[in-house]
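[1] Prediction below, plus the sequence it came from.
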4 protein chains.
Amino acid sequence: MSDRPYPTSLGTSDATSIHLLGQDLAADLMGTVGFGELSFWLVAGRRPSSGEVRVLEAVLVALADHGFTPTAIAARLTYLSAPDSLQGALAAGLLGGGSRFLGVTEDAGRFLADALATIDGPQPTDDAGWDAVALGLVQRTRAAGGLVPGLGHPVHKVEDPRTPRLIAIAEEEGLRGPHLRLYEAVGRMHEQVLGRRLPLNGAGVSGAALADLGLPVEMLRGFALLARAAGLLGQLAEEHRRPVARDIYDDVEHRARYVPFDDTDGG
Amino acid sequence: MSDRPYPTSLGTSDATSIHLLGQDLAADLMGTVGFGELSFWLVAGRRPSSGEVRVLEAVLVALADHGFTPTAIAARLTYLSAPDSLQGALAAGLLGGGSRFLGVTEDAGRFLADALATIDGPQPTDDAGWDAVALGLVQRTRAAGGLVPGLGHPVHKVEDPRTPRLIAIAEEEGLRGPHLRLYEAVGRMHEQVLGRRLPLNGAGVSGAALADLGLPVEMLRGFALLARAAGLLGQLAEEHRRPVARDIYDDVEHRARYVPFDDTDGG
Amino acid sequence: MSDRPYPTSLGTSDATSIHLLGQDLAADLMGTVGFGELSFWLVAGRRPSSGEVRVLEAVLVALADHGFTPTAIAARLTYLSAPDSLQGALAAGLLGGGSRFLGVTEDAGRFLADALATIDGPQPTDDAGWDAVALGLVQRTRAAGGLVPGLGHPVHKVEDPRTPRLIAIAEEEGLRGPHLRLYEAVGRMHEQVLGRRLPLNGAGVSGAALADLGLPVEMLRGFALLARAAGLLGQLAEEHRRPVARDIYDDVEHRARYVPFDDTDGG
Amino acid sequence: MSDRPYPTSLGTSDATSIHLLGQDLAADLMGTVGFGELSFWLVAGRRPSSGEVRVLEAVLVALADHGFTPTAIAARLTYLSAPDSLQGALAAGLLGGGSRFLGVTEDAGRFLADALATIDGPQPTDDAGWDAVALGLVQRTRAAGGLVPGLGHPVHKVEDPRTPRLIAIAEEEGLRGPHLRLYEAVGRMHEQVLGRRLPLNGAGVSGAALADLGLPVEMLRGFALLARAAGLLGQLAEEHRRPVARDIYDDVEHRARYVPFDDTDGG
């Protein structure tokens, strides 16, 4: 028992070779397989088609950076405090990839996958069919006091420009599957139930597109984090080149105002 | 002063559009620009050529995963403890990206860039010229009590298979520049000084290749971390699918043996 | 709007003084207030009594370290990889403070607080009264498919020695309040419902004791993390003095066995 | 070899008992040993005297919180983004505990310990003797292009109020040892060399005081991090009770101004 092996399908090596996913890393992967392609393969255990790579990379590009988000600010402030530890600044930024912002990608994928699992019999074949499923789904979600993940956006109140673009790319690649179709139907039908029209945001539609690629829903947040890792790298390179974190810190500290602990008017 | 702006060249958005690097994210980047390509652009501020993308992605593929490394084990154990927080497990893994393992990529790039900066006059044009530069560099490094970053590997004692492959890819793309040439010369000449032959490892040659792409040396560790983020995603997906962290934990704990604090024989 | 202040009751300073919680840090806190005492004050906004400090510190001592836990191993492995970044190793360890292990303290506190909030009328005044409440609580929890947080322990199958000790300390200090009394009753009554006797573990009883101090349940996990920070400091000091992470890494890697991705017998 | 034990002096347990540092956790530590006291013991391997505990806790209190520092802001922004993961917010804050701010405690301790190690023969016995050592030390440091760690403070330009207080506490406890005496002498003599008078800041004098307690210099940053963990807990509790991170985020984002990548006037 104490000598039981630890099985893995990922990296293994010996004195003369390195294997990854059962492939020869140097001979078969380097220079041949793209980085987005490899990240898909690592998670899904199969090499994606070129169309799948294009959809995945469109998602990664869509989610990489959105300017001075909480995660970007946290990463920059951490880099200011500990410039010798780039990994710490990157990690601090990624730690904001939780339920409220980056989690939407996973939440939307899971919401749609769960809904698809409840369909009795074959899935719809036309928009009218999907609309009926979506109507019931939004009604049930609302009745249970829940929210549709990825519906609405604080800035893009009418339309998130990433949404139609990602759907178009999936369509071009023949990968506009049931998760995207159901999500689009939610986009058409929710107004009937909720009484106002909200856009499907880019993080949510990204989750639908990734789920249509067959990626496991438990890992969808991981792809949002991978995308954000590249964005944070850009933020940290910019912070190195043209720093603003010191100004942000000074500006925030300058506005600190002491209030007694129990002063409920303070905020 | 209190209203000073925070300049950025990265993500900006308004109600109807999202821009990144001055480009329209949806119209001009999604579906058009690859993920590795974008990560280069975010850091370097210019769109890379297709050859540069190929070299960068070969590096990212080379560094993505090496099996049960300390970072992979730390990520899996963290996922075991806090499965609700994928970002925490990923961050824990990346935090091992410091001086000892992942730092080699940056250290090698910096070592070579510093050496190139000290060359008086034009750079060598043939191997003999690079060999002379390398010989002096290894001698000076040794005299100062330093080590050449990326020289030697605990497993690949004769040759790291990634090294010739990456050099070949750079050559194919016309990107085998002075950092790589000097590093190759170090690989040829160090035995004269150190008295034994060591391989140039893949992390070190990756740093040389990235420096030849014109990426800032301060960010080379960042690309190693980005590569590792994809690898850790694979590790965490595998941990979800076929867990081993509980076994690792049990096995380690099972071997704990109490020794008094001052027992110097204990280890 | 752009100049709105950020209110705070914590640290503020000017050229000649530093204040914390409205107190003069140097004159009134340093040398006068203990560290555990301050951590209570920072969260609760009031200085605790000496009895409250004793209970809190007993909890912090109880939760500080449990040997080679997943968090300790992750911290040690991260320190091995990035010895220049002690903060990264500590952070990696704390990131395991999630739902499965350290979260129990918070979960138990919340579970009990929620149950107490549902009691109609006055709380019981004797054990028989608490037993009746506990019986209903365990029955409802089981009927809903839930688990009682902190019931059972993988090692201490009969009794966790921290549990009676912490209850005794709270009793000595007059701080054995409704959360502890209800939890003790759960310890007596669950066998009737679940059909087997399980011990209340130390992490759960710690949550009950902290909740009885009036600390907000949202922050109970935070005290477990603070306790663990001290324990991890001990682990990292030991790793520096008498390293084992390299052996752990070697032993784990040595047992890696490649299996194809779809090999369902692999684990 | 594959079954070699992992030695430890910290936590061990079996079915009926839990030991820590060779003590019975429940019977001998809980309720008896304070939290600061335990953290000293965990690192130093010996139970501190009550005077040592008082100095250590004064340091921990001194370093716990300084308002809206970069680490506090990073922790609050991370909590805003991922409120379900308190450990992630705490870790993000601690990751700023690097070279620039929190590192001063360790740097000062190491600087003084190194200087003391170079004294030939017995250490000075009066201020004049220490002044002579300090003068040489500051001269050598300056000649080597270095800085004295902990000399100067951005806000407390004349005196950091923590400094005389901590020295007084150490004196009261009979623990004003060579590190503090040498640091005080540096405070008196640097003006002769540097041409201007700077205060010894609280982080630096904390390092001197901890080194005088015999704590290993490699772990001094760890105590600064432990102190900060309590402070961050206070910050996160306040963020939960009276949030400001959303305002900070909005204010920062509102001031973002796009500039082209190569616009060197941008900052």
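    Structure's in. What do you need?
[2] The residue nearest the centre of chain A and A:Ala91, how far apart?
    Central residue of chain A (C-alpha atoms, centre = their mean): A:Ala224, 2.9 Å from the mean position. Computed as C-beta to C-beta, to the nearest Å, the A:Ala224 to A:Ala91 distance reads 16 Å. (Each C-beta comes from the backbone N, C-alpha and C, glycine too.)
[3] any idea of the pLDDT on the residue nearest to the centre of chain A?
    According to the predicted model, the pLDDT of A:Ala224 comes to 97.
[4] Name all residues that make contact with it.
    With contacts defined as C-beta atoms under 8 Å, 6 or more residues apart in numbering or on different chains, A:Ala224 is in contact with A:Leu63, A:Gly97, A:Leu102, A:Gly103, A:Thr105, A:Glu106, A:Ala203, A:Ser206.
[5] count of neighbours near the third one?
    Meaning A:Leu102. A:Leu102: 26 surrounding residues under other C-beta atoms under 10 Å in any protein chain shown.
[6] Stretch A:18-30 near chain B anywhere?
    Yes: counting by C-beta under 8 Å from any C-beta of the partner chain, chain B has neighbours in stretch A:18-30: A:Ile18, A:Leu20, A:Asp24, A:Leu25, A:Ala26, A:Ala27, A:Leu29, A:Met30.
[7] Could you work out the most separated pair of the contacts of A:Ala224?
    With distance counted by C-beta to C-beta, no two of these lie farther apart than A:Gly97 and A:Ser206, which are 13.4 Å apart.
[8] Surely A:Met219 and B:Glu239 touch.
    No: counting by C-beta atoms under 8 Å, A:Met219 does not reach B:Glu239; the two are 10.7 Å apart.
[9] which regions of chain A lie under the pLDDT threshold?
    Low-confidence regions of chain A, defined by pLDDT under 70, span residues A:1-2, A:264-267.
[10] Now do the strands in it.
    Using DSSP state E, the strands assigned to chain A run over residues A:6-8, A:11-13, A:18-20, A:23-24, A:256-258.
[11] Deepest in the core, which of those is it.
    Among the strands of chain A, judged by mean count of other C-beta atoms under 10 Å in any protein chain shown, the one packed with the most neighbours on average is strand A:18-20 (a mean of 24).
[12] What is that one packed up against?
    Helices and strands touching strand A:18-20, by 3 or more C-beta pairs under 8 Å, 6 or more residues apart in numbering or on different chains; DSSP states H and E, are strand A:11-13.
[13] how about the strand it packs on, does it reach chain B?
    Yes: part of strand A:11-13 sits close enough to chain B to count as contact by C-beta under 8 Å from any C-beta, namely A:Gly11, A:Thr12, A:Ser13.
[14] cool, stretch A:206-221 as well?
    Yes: using C-beta under 8 Å from any C-beta, stretch A:206-221 reaches chain B at A:Pro216, A:Glu218, A:Met219, A:Arg221.
[15] Looking from chain B, tell me which residue of the stretch 101-250 of chain A is nearest.
    Closest approach of the stretch 101-250 of chain A to chain B (C-beta to the nearest C-beta) occurs at A:Gly234, with a separation of 2.9 Å.
[16] which residue sits closest to that residue, ignoring its sequence neighbours?
    The spatially closest residue to A:Gly234, leaving aside those adjacent along the chain, is B:Leu42, at 2.9 Å (C-beta to C-beta, 6 or more residues apart in numbering or on different chains).
[17] Could you pull up the contacting residues of the residue of the stretch 101-250 of chain A closest to chain B?
    A:Ala64, A:Asp65, B:Leu10, B:Ser39, B:Leu42, B:Val43.
[18] Now that the third one has come up, it's in contact with B:Trp41, right?
    Just to be clear, that refers to B:Leu10. No: if you go by C-beta under 8 Å, B:Leu10 and B:Trp41 don't touch, sitting 10.1 Å apart.
[19] chain center to the lengthiest helix in chain A, what's the gap?
    The helix that spans the most residues within chain A, counting by DSSP state H, is helix A:220-241. Here the centre of mass of C-alpha atoms in helix A:220-241, compared against the chain's by C-alpha atoms, centre = their mean, to the nearest Å, lies 12 Å away.
[20] Show me what counts as buried in it.
    Neighbour-count burial for helix A:220-241, counted by 16 or more other C-beta atoms under 10 Å in any protein chain shown, picks out A:220-241.
[21] From the contacts of A:Gly234, pick the one nearest chain D.
    Relative to chain D, the closest of those is B:Leu10; by C-beta to the nearest C-beta it sits at 8.7 Å.
[22] how close does that closest one sit to C:Leu63?
    Applying C-beta to C-beta, one obtains 42 Å for the distance of B:Leu10 from C:Leu63.
[23] and the stretch 1-150 of chain A, which of its residues are near chain D?
    Taking C-beta under 8 Å from any C-beta, the part of the stretch 1-150 of chain A that reaches chain D is made up of A:2-3, A:67-71, A:73-74, A:77-78, A:80-85, A:88-89, A:91-92, A:95-103.
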